[in-house]
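Chemist: here's my sequence, what's the structure:
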Amino acid sequence: MSTAIEASRHPAGAPQGRGGEFSPRRLTDPEGNLVEETTGSFLYPPDSFASYEEYIEFWESAPISDRVLSNASHAYRSWLQSAEDAYVRANWHRFDEDNQKTEKMLQRKLGANAQELNVVSRQKLIDEFRQKYPAEVSPRHMRQVLRAHSIASYGGSIEDPAGQQRVLQYTVQMDGRTMSLDDIVERYNPIEWADRALTEADLPVVDSLRYLAQANDQRDGYETGEPLVSPY
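Modeler: Reported below is the predicted structural model:
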C-alpha cells in the first residue's frame, strides 16, 4: 500500500529518491551541422570524388568560416614579411661592389656613412620584391584564392584520371580577369602560406604565443633551431 507521498511521485523514480528521475528530458541540440561528417567541409573534405564536376561543385560551394579567412589574411602577411627579408638577404650581394665604390665617393664628397647607404640599398631590394606580390589579399578575393589552392591541392582525390587532368585547366574570375591556377600561384603564392590558415584556431594568437615561447627560450639560453620571427 502506497503512502500519499509515494503517490505524488511521478514517475516513481529510484527508491529513496524524490521521484521524476526517469521522466522525459529534452536534451540541448548539438552545435554545428552533423551532415558535414558525411558530406565533408572545407577543412575536412571527402576522401574521394566520383567526377570532376562533383569535385568542383564541392570546392566552389563549401562554406569558409570568417575565422579561416582571418587566419588566411594573417598567414599571407606573415609569409610576405618573411619572404621579403629572405629576398633582401639573398640579393644583397648585388650591391656589395657598388656599395663599396659609392660609399667611398659619398664619404669623400658628402660625408655620408655606410648605414645610410645600406638603408638605400635595402629599400631598392624591398621595392623590387613588392612589385612581385600585393601587400595583402583583398577580402573580396581571399575566398577565391583559398578555393583555388584547395582545388589545386586535392585533385588526386578525383577517381577519374581524366578529371584529375581537367583540374589543371580550372580558371576563376577576379575583377573581370580570368585567372588560371598558375596565375594565382604567381600572384599570391598560396603554396607558401594557405595551409597554415586552414584551422579554426586563432592563428595570430597561436603565432604570438609561439613567438613569446621562442623569445623566452633564447633569453634562457636554449636554441630552438627556428628563426625568431615576430608576428606583428
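Chemist: remind me what the lengthiest helix in the chain packs against, helices and strands.
Modeler: Counting by DSSP state H, the longest helix found in the chain is helix 66-91. If you count contacts as 3 or more Cβ pairs under 8 Å, 6 or more residues apart in numbering; DSSP states H and E, helix 66-91 packs onto helix 114-130, helix 139-153, helix 194-197, helix 203-219. Backbone N, C-alpha and C define where each C-beta goes, glycine included.
Chemist: and if we set it to 10 Å?
Modeler: Other elements packing on helix 66-91 under the criterion 3 or more Cβ pairs under 10 Å, 6 or more residues apart in numbering; DSSP states H and E are helix 114-130, helix 139-153, helix 181-188, helix 194-197, helix 203-219.
Chemist: possible to save those as TSV with mean pLDDT?
Modeler: Shown next, in TSV, are the helices and strands packed on helix 66-91 (pLDDT from 0 to 100):
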stretch	mean pLDDT
helix 114-130	76
helix 139-153	97
helix 181-188	96
helix 194-197	96
helix 203-219	81
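Chemist: any chance of those helices in CSV, plus mean neighbour count and distance to residue 72?
Modeler: Formatted as CSV, the helices and strands packed on helix 66-91 follow (neighbours: other Cβ atoms under 10 Å; distance: least, Cβ to Cβ, whole Å):
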stretch, mean neighbour count, distance to residue 72
helix 114-130, 13, 20
helix 139-153, 19, 5
helix 181-188, 18, 10
helix 194-197, 19, 4
helix 203-219, 14, 9
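Chemist: let me have those helices in TSV, extended by distance to residue 41.
Modeler: Output for those, formatted as TSV (distance: least, Cβ to Cβ, whole Å):
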stretch	distance to residue 41
helix 114-130	35
helix 139-153	11
helix 181-188	22
helix 194-197	15
helix 203-219	18
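Chemist: residue 42 is nearest to which of these?
Modeler: helix 139-153 (7.3 Å; Cβ to Cβ).
Chemist: quick check: angle from the closest one to helix 181-188?
Modeler: Interaxial angle, helix 139-153 versus helix 181-188 (axes from the mean of the first three to the mean of the last three Cα atoms, to 10 degrees): 130 degrees.
Chemist: so after helix 139-153, what's the next helix or strand?
Modeler: From helix 139-153 onward toward the C-terminus, using DSSP states H and E, the following helix or strand is helix 161-166.
Chemist: can I get the CA coordinates of that following helix in CSV?
Modeler: Output in CSV follows, covering the C-alpha atoms of helix 161-166 (Å, rounded to 0.1, in the frame of the first residue of the first chain):
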residue,chain,number,x,y,z
PRO,A,161,42.1,10.2,-64.2
ALA,A,162,40.7,12.4,-67.0
GLY,A,163,39.1,14.6,-64.3
GLN,A,164,42.4,15.0,-62.5
GLN,A,165,43.9,16.4,-65.7
ARG,A,166,41.0,18.8,-66.1
